[in-house]
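**Student:** Sequence unavailable; structure follows:
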């Protein structure tokens, strides 16, 4: 049985992840413009499987960040980037354009670099993001609840008048 291979040094992992993010998000320049897309946007054009494959590749970066000890708040933020790209990217045409502009992989590598350069500041920023995200979800649920209550009340009033 071969001896286990040691983890590569963090710098090598950072470089490898930055290259992967570049390949997925920025490797192809649109002729006549400064705008760049990557393989993720092209893979996303394949109905059904493309966005799933893109999310899987994006999740690799998040998994490597976890192995490097990135805190949960930053991992949640990275996961949010992948989730947004995967969900919105599933919408035909608009999702593909959004996917090319959102660049979740590039964002996630930037979050990883920020954590490695200044962990305290990165954690503080990620925790703030998570708190804002939870507040937005709570407001969304509250809005849905109020809308459902109003709808039920309107239906009951309509039923009583008939």
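**Tutor:** Arrived safely, thanks for sending. Quantities reported herein were computed from a predicted structural model and do not represent experimental measurements.
**Student:** so where's the chain shaky on pLDDT?
**Tutor:** Across the chain, the ranges flagged by pLDDT under 70 are 1-10, 162.
**Student:** all strands of the protein, in order?
**Tutor:** 28-29, 36-37 (DSSP state E).
**Student:** And for the first one, what's in contact with it?
**Tutor:** The reference is to strand 28-29. 35-39, 42 (C-beta atoms under 8 Å, 6 or more residues apart in numbering). Backbone N, C-alpha and C define where each C-beta goes, glycine included.
**Student:** Output the residues you listed in CSV, with neighbour count and distance to residue 74 appended to each entry.
**Tutor:** Shown next, in CSV, are these (neighbours: other C-beta atoms under 10 Å; distance: C-beta to C-beta, whole Å):
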residue, neighbour count, distance to residue 74
35, 12, 28
36, 16, 25
37, 21, 26
38, 22, 22
39, 18, 25
42, 17, 28
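**Student:** Dump those residues into CSV; add distance to residue 16 as well.
**Tutor:** What follows is the contacts of strand 28-29, written out as CSV (distance: C-beta to C-beta, whole Å):
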residue, distance to residue 16
35, 25
36, 20
37, 21
38, 16
39, 16
42, 21
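**Student:** between the strands of the chain, which gets nearest to residue 69?
**Tutor:** Among the strands of the chain, strand 36-37 comes nearest to residue 69, with 30.6 Å by C-beta to C-beta.
**Student:** counting contacts, what elements does that closest one pack onto?
**Tutor:** Packing partners of strand 36-37 (3 or more C-beta pairs under 8 Å, 6 or more residues apart in numbering; DSSP states H and E): strand 28-29.
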